[in-house]
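Undergrad: need a structure here:
(chains A and B)
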Amino acid sequence: MRAIHTRRFLAAGLAAGLFCLTACSSSDEPDAASNAGSDGEAITLTIGLFGDFGFEPLYAEYEAAHPGITIEERIAEFSDHHTNLTQRLATGSGTADIEAVEVGFISQFTATPDRFHNLLDLGADQLEDRWLDWKWQQALARDDSALIGLGTDVGGMAMCYRTDLFNEAGLPTDRDEVSQLWPTWEDYVATGQEFMAAADGKYFFESSGNMFRAMIEQAPVGVYDSDDNLIVATSDHVKHAWDLAVEAIEAGMSNQLTAWTPEWTAAFGQGTFATIICPAWMTAYIEGSAPDAEGLWDVASVPGGAGNMGGAHLVLPAQGENPEAAYDLIEWLTAPEQQLKVFQETGNFPSTPELYDDEELTQFSKEYFNDAPIGQIFTEAAQLVQPQYQGPLQGDVLTIIGQGLGRIEEGAQTPDEAWTQVLSDLESLA
Amino acid sequence: MNSSTRSRLYRWDVKASPYLYIAPFFVLFAAFGLFPLGYTAWVSLHDWSLLSDEHTFAGLDNYQRLLGDPYFWNALRNTVSILVLGTVPQLLLALLMAHLLTMRLRGRTFFQMGMLLPNVASVVAVAVIFSQLFGRDFGVINWVLESLGAGRIDWQAGVASSHIAIAVMIIWKWTGYNALIYLAAMQAIPRDMYESATLDGASSIRQLRSITIPMIRPTVIFTVIVSTIYGLQVFAEPQLFAGGGYDTVTGGSSRQFQTLTLYLYEHGFNRGFQFGYASATAWVMFVIIVVIAVLNYLLVRRIRSSS
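TA: Residues are numbered from 1 along each chain as shown, chains lettered A, B, ... in the order given. This next block holds a predicted model:
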């Protein structure tokens, strides 16, 4: 009897082990990089993006002009994209020939330039004047010896708002008058109070994390000082942004949505919130998520002055076997002519200043946004941006703070508790 | 070939063949089971980040840090809570369904096959659909609650509500599967036992308790252990339930539904790629799973046999 029991124990243990192994060792399936050969004949270039960059129509054009080149696009979700990229760079296999990197993650990668092809050696050294100075700088290694990426778009900020909801709440709807409502973020929150008093079941903005991030992006110094020290705990600006976001949460202004969730997307269509911070790339997202709201959205200036939010670079991981061909492609994709086409297609705003007095850009407007002169608005916004140093884990730091604000929104913690946990979470951030 | 060689070959064949037949499993298990298990133990003793090539020996540091991390204990609490909420109703329901299916029903095969359908659906599809159903603003469940006059529930935000939602996904997926296993075991119970019980005036539920369950005890033990193991490793359900952003790794902004596997994933495949730390987590999980599986076994063994 005893022996049988012991054997059953063993069997139970063995079964436990087996199941753990099958599930614990879940791993990402490596995408086979498909290169037909680097001897100049048929080459397949893979390009890994987060979300739609509006490149699709350009590929056909490029392929037609370059026989033998096939372009293959892989699109992942924003949060997965950078994690996967880091992982594949670290393990030395699985990246695409060309990868997009969002600005919040770029300095994490400029810290290890040897994992990328140096674009200065591939011809980019002749092109420095093509981009906004700070856009160029963001992709430079700390010692300026290597450039890892070419800039696509920049995210000069504006504020998108729903004219119908503003009207119902008794607020002005004209974009100039709306801009005058909120020169500062305090004024924005005060406008929010007014809105909440009159609005029935609607919210003033979608997420406090986004509002916080906008305030941080406008500061001369963000969450890192220029020596890569995290200054969240000591910065007055961070504290001020946090306090103001908390004030807005406590006034019930936030729709408590997490960006990029299905609920967030659905909320655009349902029109449950009245304002959203609008870097240029956001306009395409609004249009795509709420096709029925044409003419209801308009664009005003953002409180608190200029700042950049988002935007990306295209980088060439060193594991890519066709650096020259890949470089030619990204040079072409980020050239002013193509950036203009992308802007007209998606709203992603060019990072190349030579376009900023091009009428095709400055005169651009969209019916969807009540014919707001978005070309002009975003050109001004981009030109006013003062570059801010982005620390190595910028993206993660903002995420952790955003989660802290989320805990206040959900009522899980008091603002003080949330702040304490943010600081301790930041400390354990490797 | 003379007869003695042939008989020697024959004897050898009889002795060795069975081992040869089971060998593929054990070879695969050694390569994909035993080796990773041992290697993980080795990695767990190191300061082993995917981002650097240096792997310094750290002894039990990782384990010490792990056991001192309140987020680990939080993840363990969440896991056990989801396990209990997901497994107990699941097995009871499966038992009841199996019992109902032993009765004379029209189209029994249809029902038996239908029960297995949720199990065939991919975990990801199940999790995505249920996350939509449990949506705060536009979910069907909240819509029903509201039209019944009850308030909306922010399923993701609360500890209990999120655990219940995740448990529902597990229950939906696995109840039919377990019911089929029970049903198969029940087919082996001699019908005359039920007949004589019916003559003695025992009700259907009484028959389930006093005849069926004791008779299928080994099967119950098997399902309890297997579903415990599954429950302690839920990953896709909580990950997708969070919707998007970093909440998918931390299980909500307050880590209210971060399970052990999500905790492991957070450390191994996100921040810092700390494989040493993640391996230590995997090993602690392994031990926890073995302990809970054994405890469950001891508990379920107490079901009295009817004889």
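Undergrad: let's check: the centremost residue of chain A is which one?
TA: Nearest to the geometric centre of chain A sits A:G310, at 4.2 Å (Cα atoms, centre = their mean).
Undergrad: and that residue, how far from chain B?
TA: As judged by Cβ to the nearest Cβ, to the nearest Å, A:G310 and chain B stand 14 Å apart. No exception for glycine: its C-beta is placed from N, CA and C like everyone else's.
Undergrad: and what about that residue, helix, strand or coil?
TA: At A:G310, secondary structure determined by DSSP: H, G, I helix; E, B strand; the rest coil is strand.
Undergrad: which non-adjacent residue is nearest B:L264?
TA: Nearest in space to B:L264, with sequence neighbours left out and distances taken as Cβ to Cβ, 6 or more residues apart in numbering or on different chains, is B:T281 at 4.4 Å.
Undergrad: show me the domain layout of the chain.
TA: Picked chain A for this. A:44-154+A:310-367, A:158-307+A:372-429 (the TED database).
Undergrad: ah, no, chain B please
TA: Listed domain ranges for chain B are B:3-32, B:60-303 (source: the TED database).
Undergrad: tabulate those (CSV), appending mean pLDDT and mean neighbour count.
TA: What follows is the domains of chain B, written out as CSV (pLDDT from 0 to 100; neighbours: other Cβ atoms under 10 Å in any protein chain shown):
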stretch, mean pLDDT, mean neighbour count
domain B:3-32, 89, 10
domain B:60-303, 91, 18
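Undergrad: distance to A:D125 added to those domains, as a markdown table?
TA: Output for the domains of chain B, formatted as a markdown table (distance: least, Cβ to Cβ, whole Å):
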| stretch | distance to A:D125 |
| --- | --- |
| domain B:3-32 | 49 |
| domain B:60-303 | 33 |
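Undergrad: so which of the ones you listed comes closest to A:A335?
TA: Across these, A:A335 has its closest neighbour in domain B:60-303 (32.9 Å, Cβ to Cβ).
Undergrad: and the closest one, how far apart are its ends?
TA: 40 Å (Cα to Cα, to the nearest Å).
Undergrad: need the domains of chain A in a markdown table (columns: mean pLDDT).
TA: A markdown table is the format used below for these (pLDDT from 0 to 100):
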| stretch | mean pLDDT |
| --- | --- |
| domain A:44-154+A:310-367 | 93 |
| domain A:158-307+A:372-429 | 93 |
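Undergrad: out of the ones you listed, which is closest to B:F222?
TA: Minimum separation from B:F222 across the domains of chain A (Cβ to Cβ) falls at domain A:44-154+A:310-367, 36.5 Å.
Undergrad: hmm, back to that, burial check on the nearest residue to the residue nearest to the centre of chain A once chain neighbours are set aside, number of neighbours?
TA: What sits nearest to A:G310 in space, not counting adjacent residues and going by Cβ to Cβ, 6+ apart, is A:G155, at 3.6 Å. Per other Cβ atoms under 10 Å in any protein chain shown, the neighbour tally for A:G155 reads 27.
Undergrad: now swap in the one 5 residues further on and tell me
TA: When counting by other Cβ under 10 Å, one arrives at 21 neighbours for A:C160.
Undergrad: mind listing what it touches?
TA: Counting by Cβ atoms under 8 Å, 6 or more residues apart in numbering or on different chains, A:C160 makes contact with A:T275, A:I276, A:I277, A:C278, A:M282, A:T283, A:I286, A:W297, A:D298, A:V299, A:A300, A:F369.
Undergrad: most neighbours, which of these?
TA: Most surrounded of those: other Cβ under 10 Å gives A:C278, at 29 neighbours.
Undergrad: bridged to that one, which residues?
TA: A:A158 (DSSP bridges).
Undergrad: B:A202 against B:T212, yeah?
TA: No. Taking Cβ atoms under 8 Å as the definition, B:A202 is not a contact partner of B:T212, at 11.3 Å.
Undergrad: the stretch 301-430 of chain A: strands as residue ranges?
TA: Taking DSSP state E, counting those that start in this stretch to define them, one finds strands in the stretch 301-430 of chain A at A:308-315, A:349-350.
Undergrad: picking up where we left off before, check contacts around the residue nearest to the centre of chain A.
TA: A:G310 sits next to A:E102, A:V103, A:G104, A:D153, A:G155, A:P279, A:W281 when contact means Cβ under 8 Å, 6+ apart.
Undergrad: can you redo the domains of chain A as CSV with distance to B:D137?
TA: CSV is the format used below for those (distance: least, Cβ to Cβ, whole Å):
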stretch, distance to B:D137
domain A:44-154+A:310-367, 21
domain A:158-307+A:372-429, 6
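Undergrad: which stretch among the strands of the stretch 301-430 of chain A comes nearest B:G149?
TA: Distance to B:G149, taken as Cβ to Cβ, is lowest for strand A:308-315 among the strands of the stretch 301-430 of chain A, at 42.6 Å.
Undergrad: export the closest one as PDB, just CAs?
TA: The C-alpha trace of strand A:308-315 is given here as PDB (Å, rounded to 0.1, in the frame of the first residue of the first chain):
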ATOM      1  CA  ASN A 308       7.000  66.900 -28.600                       C
ATOM      2  CA  MET A 309       5.000  63.700 -27.900                       C
ATOM      3  CA  GLY A 310       5.900  60.600 -29.900                       C
ATOM      4  CA  GLY A 311       7.400  60.200 -33.300                       C
ATOM      5  CA  ALA A 312       9.700  57.500 -34.400                       C
ATOM      6  CA  HIS A 313      13.000  56.600 -36.000                       C
ATOM      7  CA  LEU A 314      13.800  53.800 -38.400                       C
ATOM      8  CA  VAL A 315      16.800  51.800 -37.300                       C
END
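Undergrad: who does that strand pair with, and is each partner parallel or antiparallel?
TA: Paired neighbours of strand A:308-315 in the sheet (DSSP bridges): strand A:98-102 (antiparallel), strand A:149-162 (antiparallel).
Undergrad: quick check: residues of the stretch 51-200 of chain A near chain B?
TA: Taking Cβ under 8 Å from any Cβ of the partner chain as the contact definition, the stretch 51-200 of chain A meets chain B at A:E77, A:S79, A:T83, A:T86, A:Q87, A:A90, A:T91.
Undergrad: so how far is A:F343 from the fourth one?
TA: Put plainly, it is A:T86. Distance of A:T86 to A:F343, computed by Cβ to Cβ, to the nearest Å: 29 Å.
Undergrad: the residue nearest to B:L264: what's it in contact with?
TA: B:T281 is in contact with B:L66, B:F72, B:L260, B:Y263, B:L264, B:H267, B:G268, counting by Cβ under 8 Å, 6+ apart.
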